[in-house]
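> predicted model follows, preceded by the sequence.
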Amino acid sequence: MSFVWPQMLWLLLAAPVMVGIYVWLLQRRRKAALRYASLGLVKAALGPGQRFRRHIPPLLFLVGMLAAIFAISRPNAIVTLPSDQRTIILTMDVSLSMRATDVEPNRIVAAQTAAKAFVREQPPDVRIGIVSF
């Protein structure tokens with residue numbers, strides 16, 4: 001795998017900084033909470049499981065930021081897939097100019113007839129698509 005912009009991967013180093021700031025803010029908030037309330041009352045009010053649930057949004061934010069940074073670096077890979085089939089794309093003009101009668105009965109019918117004959121002559125391992133414009 002390679003990256004179009006590998007220099008963007010340096011931004012991944014911001015993750016430990018973000019975690020450090022979050023931990024620092026938690027410690028700072030805990031010190032302020034200890035000054036004003038009984039910690040036992042707060043824990044009883046929160047109930048079981050609430051202690052870890054409050055960390056889920058910041059964790060999801062961090063995972064999202066890491067995924068976005070990874071995506072910004074534009075990873076790409078060349079993957080070769082074995083294929084026993086060939087592909088042909090036919091393009092068919094369906095504009096008003098194809099209604100001209102210089103070919104009997106008109107150009108669009110002649111093009112359709114030629115396309116059908118071409119498709120019938122192809123071996124079964126050929127995939128055929130059509131694009132009209």
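Received the coordinates, thanks.
> how far out from the middle of the chain is stretch 107-120?
39 Å (Cα atoms, centre = their mean, to the nearest Å).
> mean confidence for the lengthiest helix in the chain?
As assigned by DSSP state H, the longest helix anywhere in the chain is helix 14-36. In this model, helix 14-36 has an average pLDDT of 81.
> so who does V19 touch?
L62 (Cβ atoms under 8 Å, 6 or more residues apart in numbering). (C-beta placed from N, C-alpha, C; glycine too.)
> ok, it to R86 distance?
53 Å (Cβ to Cβ, to the nearest Å).
> one more: V103?
29 Å.
> helix or strand with the lowest mean pLDDT in the chain?
helix 39-46 (a mean of 64; mean pLDDT, DSSP states H and E).
> what about the residue minimising distance to the centre of the chain, distance to F118?
When the chain is reduced to its mean C-alpha position, the closest residue under Cα atoms, centre = their mean turns out to be A71, at 8.5 Å. The spacing between A71 and F118, counted by Cβ to Cβ, is 43 Å.
> cool, Q7 as well?
From Q7 to F118 the distance is 50 Å (Cβ to Cβ).
> which one of the two has more residues nearby?
Set side by side, Q7 and F118 give different neighbour counts by other Cβ atoms under 10 Å, the larger being at F118 (12 against 8).
> which SSE is the more buried one in?
helix 107-121 (DSSP states H and E).
> where's that helix relative to the chain centroid, distance-wise?
That offset, for helix 107-121, works out to 39 Å (Cα atoms, centre = their mean).
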